[in-house]
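Visitor: sequence first, then the predicted structure, then my questions.
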Amino acid sequence: MAPGTGSCKKKRDTESSPVSELSDDLLVEIFSCVPYRSTCCCKCVSRRWHDLVSHPDHRKKLPQSTLAGIFYQIRNENTGYQSLSGNWTRLGPNNIADYVVCNPVTERWVVVRATNCSSNASIARLGFDPAVSSHFHVFEFVPASSVGANRPTIAGATTDIKSVGIYSSKAAVWARRVGWKSPISVRCTSESVLFRGMLYLSTNAGLVIGFGVEGNRRVIRAPMTHSDDDVHNVYLSQGQLHFANKGTSELSIWALDGSNGENWTLKHNVTHLQLLGIEFSSFVWNYDVFVHPEKSVIFIVLNYYSSLVTSRQSCTKLMSYTVDSKERRFICDLGPNCRAPYLSYVPFFSDS
């Protein structure tokens, strides 16, 4: 067989198949009728199919990966996963020397070796955006003082961060370690999101700090006056960076205008009574929230004690609040001993 004959024959067979005669619009209509996981497989068939599925103009028509559940911490240092369909899983202890990054869908995992600073690290975060790349980054935050580091974090505890190490899965090495003069005070359980190459988290000084994968930093002022009693976090929803502030009487959620701007727009303002209902309105400081990544839905994780005849039992409820319809819905009981951070999980089926 002459060199290249096999590949040419395969190309001719593909081009002469009945499917190749279908127009792009008709193919997109067919793709829209199959599950999201199947559309990921369609991208591997040919360059044409890959471009059709990936094209921005077709994303609204095609099925999208959506929120499947949440990850959260359990007080005995295990990690739990609660799917929105009702299944609960204990994922095992996390007090190991190295970091382990796992994709629950593909069941593939990678061990990220610890550094000399890892034993003193008080916060570690995963930076991953499947819309941009299948590669990920690990951000390892080291406090100004190692006293008390590497201990179980307590809800609401704060730490003063002085440097960050950044691991790149593409290079398979800890690529950078960046330090700064003035420590940054953050809650150990604060949420963080990767948005356009930067990992964002909120500080206790009324700021949102972005740490770039290249070692650069960005500082954005919070959209409202800082109060010591307020609890705030950052989230990614509908393609925008969001800032949620839980005040004494209400929850406000703001969206950042543009990718490089520093102006915030108020999106939602919800009272605690609207979120929790009359039954749980007295537990104002006993709940955490996170925002749906694609919809105007707020998820509430309510922690409280139920008074029984003989003892007090710790309870955790997962509820949702739809902003447009103002509908509040109970989802499931998470069980006792749950704690922040609560991380939304959107399945990622493809490896490249």
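Guide: It's in. All values reported here derive from a predicted model rather than from experimental measurement.

Visitor: how about Val105: what's its closest non-neighbour residue?
Guide: Spatial nearest neighbour of Val105, chain neighbours left out: Pro347 (4.6 Å); criterion: CB to CB, 6 or more residues apart in numbering. Glycine gets a C-beta too; all of them are placed from N, C-alpha and C.

Visitor: pretty sure that neighbour is touching Pro130, no?
Guide: No: using CB atoms under 8 Å as the test, Pro347 is too far from Pro130 to be in contact (9.5 Å).

Visitor: how far away is Asn116 from Glu140?
Guide: Noted for Asn116: a distance of 11 Å to Glu140, by CB to CB, to the nearest Å.

Visitor: the two - which one has more neighbours?
Guide: Between Asn116 and Glu140, counting by other CB atoms under 10 Å, Glu140 is the more crowded of the two (23 against 8).

Visitor: list the contacts for the more buried one?
Guide: By CB atoms under 8 Å, 6 or more residues apart in numbering, the contact set of Glu140 is Thr115, Cys117, Ser118, Ala121, Ile123, Ala124, Val164, Gly165, Ile166, Tyr167.

Visitor: so the first one versus Arg217, what's the distance?
Guide: Per CB to CB, Thr115 is found 20 Å from Arg217.

Visitor: between these two, who's got more neighbours?
Guide: Between Thr115 and Arg217, counting by other CB under 10 Å, Thr115 is the more crowded of the two (17 against 13).

Visitor: the more buried one falls within a helix, correct?
Guide: No: applying DSSP: H, G, I helix; E, B strand; the rest coil, one finds Thr115 to be coil, outside a helix.

Visitor: just the pLDDT for it.
Guide: As predicted, Thr115 sits at a pLDDT of 84.

Visitor: would you confirm that it contacts Ser163?
Guide: No: judged on CB under 8 Å, Thr115 makes no contact with Ser163 at a distance of 11.2 Å.

Visitor: which residues of the stretch 151-300 of the chain fall in strands?
Guide: Counting by DSSP state E, counting those that start in this stretch, the stretch 151-300 of the chain has these strands, from start to end: 158-168, 173-187, 193-195, 198-202, 207-212, 217-221, 231-237, 240-246, 250-256, 264-271, 287-291, 297-307.

Visitor: mean pLDDT lowest for which of the ones you listed?
Guide: Lowest mean pLDDT within the strands of the stretch 151-300 of the chain: strand 297-307, at a mean of 81.
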